[in-house]
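>>> sequence first, predicted model second:
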Amino acid sequence: MPGKKWQLDLTTLDNSSKKHSTKIDPAGFSLNMYDRLRPVQSTSDSADSQEDPQAQLKLKKAWETALGPGKSVPMNAFMLYMSGNSVQIWSILITVMLLFNSIKGAIGVTPAFERFESSATGGKAKSFVAQITTDPLLLPKLAFVGLQLVNFALGLYKCSTMGLLPTAQSDWLAFLEPKTPLEYTLGVHG
């Protein structure tokens, strides 16, 4: 028995007494509604039910890996901002590092997600089309590559602001034909 009015001894409560309690549930509350929201237990074999939580955990960790490059986008943008727009060794090194790491990360998407593959998450399929259509790691891989491309786009923007990309018409003057004059004039000074 609790000693004070606001204390409650939770060891004396059991679930059967709660169902037969005289207290009224709040308006709109129904235990049946919450029973419908619970996930349905599958009747498959026990090995599949034991692997399902591990596959879900692997998929969650795969999403964490996929969103990792996105967490570095603000830091990279700040570093590019602080390096300035002039062509100096420091700004060029930071930009080249960003471009190189983005390309290297996008190319290395398979080794980055190799540890998350299992029989429940797709694994090694027999054909390429079957692997693409049934692989649950496809979306995390696409997100990973997309965020690497965002970092790469930051690097390209930095190259453009430094004037290293040939985006102006004057950058291509060497390939333009010189204009031929329509008429010549000769002047005699005399």
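Perfect, I can see it now.
>>> could you say which helix or strand contains residue 22?
Element membership for residue 22, per DSSP states H and E: none, as it lies in no helix or strand.
>>> for residue 106, same thing?
Using DSSP H and E, residue 106 sits in helix 89-107.
>>> counting contacts, what elements does that helix pack onto?
When contacts are defined as 3 or more CB pairs under 8 Å, 6 or more residues apart in numbering; DSSP states H and E, helix 89-107 sits against helix 73-83, helix 138-161. No exception for glycine: its C-beta is placed from N, CA and C like everyone else's.
>>> which of those sits most buried?
helix 138-161 (a mean of 18; mean count of other CB atoms under 10 Å).
>>> now do that helix against helix 73-83, angle only.
Here the directions of helix 138-161 and helix 73-83 differ by 10 degrees (axes from the mean of the first three to the mean of the last three CA atoms, to 10 degrees).
>>> model confidence over helix 138-161, on average?
For helix 138-161, mean pLDDT rounds to 94.
>>> turn the helices and strands packed on helix 89-107 into CSV, including distance to residue 92.
Output for those, formatted as CSV (distance: least, CB to CB, whole Å):
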stretch, distance to residue 92
helix 73-83, 9
helix 138-161, 9
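>>> for the helix holding residue 106, list the C-alpha coordinates in PDB.
Written as PDB, here are the backbone C-alpha positions of helix 89-107 (Å, rounded to 0.1, in the frame of the first residue of the first chain):
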ATOM      1  CA  ILE A  89      47.000  27.100 -54.000                       C
ATOM      2  CA  TRP A  90      44.800  26.700 -51.000                       C
ATOM      3  CA  SER A  91      41.500  27.100 -52.800                       C
ATOM      4  CA  ILE A  92      42.600  24.900 -55.600                       C
ATOM      5  CA  LEU A  93      43.700  22.200 -53.200                       C
ATOM      6  CA  ILE A  94      40.400  22.200 -51.400                       C
ATOM      7  CA  THR A  95      38.400  22.200 -54.700                       C
ATOM      8  CA  VAL A  96      40.400  19.300 -56.100                       C
ATOM      9  CA  MET A  97      40.100  17.400 -52.900                       C
ATOM     10  CA  LEU A  98      36.300  17.800 -53.000                       C
ATOM     11  CA  LEU A  99      36.100  16.800 -56.700                       C
ATOM     12  CA  PHE A 100      38.400  13.800 -56.200                       C
ATOM     13  CA  ASN A 101      36.600  12.500 -53.100                       C
ATOM     14  CA  SER A 102      33.200  12.900 -54.700                       C
ATOM     15  CA  ILE A 103      34.200  10.900 -57.700                       C
ATOM     16  CA  LYS A 104      36.000   8.300 -55.600                       C
ATOM     17  CA  GLY A 105      32.900   7.900 -53.400                       C
ATOM     18  CA  ALA A 106      30.500   7.600 -56.300                       C
ATOM     19  CA  ILE A 107      32.600   4.900 -57.900                       C
END
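>>> kind regards, and thank you for your time.
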